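**Student:** Quick one: sequence and predicted model below, then my questions.
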Amino acid sequence: MIVDMDMSLEKKWLGEERAKVAVKSLCRRNIQAEYFSTRYEALEAVLKRIPPGVTVARGDSITVDQVGVIPELNRRQQNKIIDPFRWDAEGYYIDSVEAREQMYREAFSADIFLAGTNGVTMDGKLVNVDGYGNRVAAMIFGPKKVILIVGVNKIVKDVDEALERIHQLVAPLNAKRWWLKHHEEDKADLPCVKTGRCVECVHDSRICSFTVIIDGTKASNKDRIYVALVGEELGI
Ligand code: SF4
């Protein structure tokens, strides 16, 4: 029997078609990219790229958590992990502000930096906006390899669409998350947290301080960045 209200098959098809285009575009820009139908396939591929003995640093990423990379690395016990985003059961940071700051800096000399991304354009650009800058900075320079795990929901037409999506959807939801789930009280006062809309604020606690567009890498740096595009809705 046909269940016409369930559009999951059609959405899967569309996500895959869009991902195929994005993968080709990324590769043209010297960014290695692969498509995986599920998060489980992506997890397997990502783990294969993390050999024993290397140091892995992570950026804040709901996608990385949804795919389950860090728990699996912890279970294997073969890598040093720099993880400034460890929370207790109540969502409070386990590490002090000073310790996290230290980890942000240590991440630059890690072998692998693991994160998500805010937007991937169909023509292969990676678009990210950061409040503190540690994530986007490590994507650009420092760690020898960068592994980004990205759901197909992050694929957009172009940079303009990526920035619109980030400011109107990603940033407000993230700021709300940091306030509600991780007790960052200063975020409660942000205009986007109060109204759900970005007003391009200049608030002291703004989370949109650094906008970084990765257009690609030089041939000498080819495949430093690897993108695992996943045919699922992941992250924000
Ligand atoms: S209101 Fe400010 S913090 Fe919120 S999304 Fe816009 S620029 Fe970012």
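**Tutor:** Sure, I can see it. Residues are numbered from 1 along each chain as shown.

**Student:** Run through the helices of this protein in chain order.
**Tutor:** 8-28, 39-48, 62-67, 69-76, 97-106, 134-140, 159-165, 171-180, 191-195 (DSSP state H).

**Student:** could you give the mean pLDDT of the longest one?
**Tutor:** Computed over helix 8-28, the mean pLDDT rounds to 97.

**Student:** Quick one: name the residues of this protein near the ligand.
**Tutor:** By CB under 6 Å from any ligand atom, the residues of the chain that approach the ligand are 167, 171-172, 175, 190-192, 198-201, 203, 206-208. The way it works is simple: take the backbone N, C-alpha and C, and place the C-beta from them, glycine included.

**Student:** Could you check how many residues crowd around Tyr92?
**Tutor:** 10 (other CB atoms under 10 Å).

**Student:** same question, the one 4 residues further on
**Tutor:** A count of neighbours around Ser96, defined by other CB under 10 Å, yields 9.

**Student:** Relative to Asp83, how far out is it?
**Tutor:** Remark: distance between Ser96 and Asp83 (CB to CB, to the nearest Å) = 14 Å.

**Student:** now Asn30
**Tutor:** Distance of Asn30 to Asp83, computed by CB to CB: 28 Å.

**Student:** Can you add mean neighbour count and give the helices of the chain back as TSV?
**Tutor:** Below are the helices of the chain laid out as TSV (neighbours: other CB atoms under 10 Å):
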stretch	mean neighbour count
helix 8-28	16
helix 39-48	17
helix 62-67	21
helix 69-76	15
helix 97-106	14
helix 134-140	20
helix 159-165	17
helix 171-180	20
helix 191-195	17
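
**Student:** Export the ones you listed as CSV, with columns for distance to Ala89.
**Tutor:** Output for those, formatted as CSV (distance: least, CB to CB, whole Å):
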stretch, distance to Ala89
helix 8-28, 32
helix 39-48, 24
helix 62-67, 15
helix 69-76, 15
helix 97-106, 19
helix 134-140, 25
helix 159-165, 32
helix 171-180, 15
helix 191-195, 24
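
**Student:** Of those helices, which is nearest Arg224?
**Tutor:** helix 134-140 (9.8 Å; CB to CB).
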